[in-house]
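Peer 1: prediction below, plus the sequence it came from.
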Amino acid sequence: MTVWTYLLIAVFALAALFIYFIPTVIAVRNRHPKRGVIFLVNLLLGVTVLGYVGAMLWATAPQPASER
């Protein structure tokens, strides 16, 4: 394998990690009050479709004014 192959693998791995943690990124950017729990759900259950969709829905759900 050449250096370019390893570089390409590293780029794809970083892109995959970013896509995997999109719900966490959204929760942090929106300053979600439960962003730590969303991160854990995303980390532990994100491999499943249900866990990923659940974390995404939770991260993008509007928060009541009392929880902000």
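Peer 2: Thanks, I have it.
Peer 1: list the helices and strands the host helix or strand of residue 51 packs on?
Peer 2: Using DSSP states H and E, residue 51 sits in helix 49-60. Packing partners of helix 49-60 (3 or more CB pairs under 8 Å, 6 or more residues apart in numbering; DSSP states H and E): helix 22-29, helix 35-45. Bear in mind the C-beta positions are built from the backbone N, C-alpha and C, glycine included.
Peer 1: longest helix of this protein?
Peer 2: Looking across the chain with DSSP state H, the single longest helix is helix 3-20.
Peer 1: which one of the helices and strands packed on helix 49-60 lies closest to residue 7?
Peer 2: helix 22-29 (23.5 Å; CB to CB).
Peer 1: name the nearest residue to the most centrally placed residue in the chain, sequence neighbours excluded.
Peer 2: For the chain, residue 21 is the residue whose C-alpha lies nearest the centre (CA atoms, centre = their mean; 2.0 Å). Excluding the flanking residues, the one nearest residue 21 by CB to CB, 6 or more residues apart in numbering is residue 42, at 6.1 Å.
Peer 1: hang on, that neighbour packs against residue 54?
Peer 2: No: contact criterion CB atoms under 8 Å: residue 42 and residue 54 do not qualify, at 9.0 Å.
Peer 1: more neighbours: these two, which one.
Peer 2: Between residue 42 and residue 54, counted using other CB atoms under 10 Å, residue 42 has the larger neighbour count: 26 against 17.
Peer 1: which ones are touching that one?
Peer 2: Applying CB atoms under 8 Å, 6 or more residues apart in numbering to residue 42 gives the contacts 20-21, 23-24, 51-52, 55.
Peer 1: could you flag which of these are buried?
Peer 2: Among those, those classed as buried by 16 or more other CB atoms under 10 Å are 21, 23-24, 51-52, 55.
Peer 1: so, low pLDDT: which residues of this protein?
Peer 2: Applying pLDDT under 70 to the chain flags residues 67-68.
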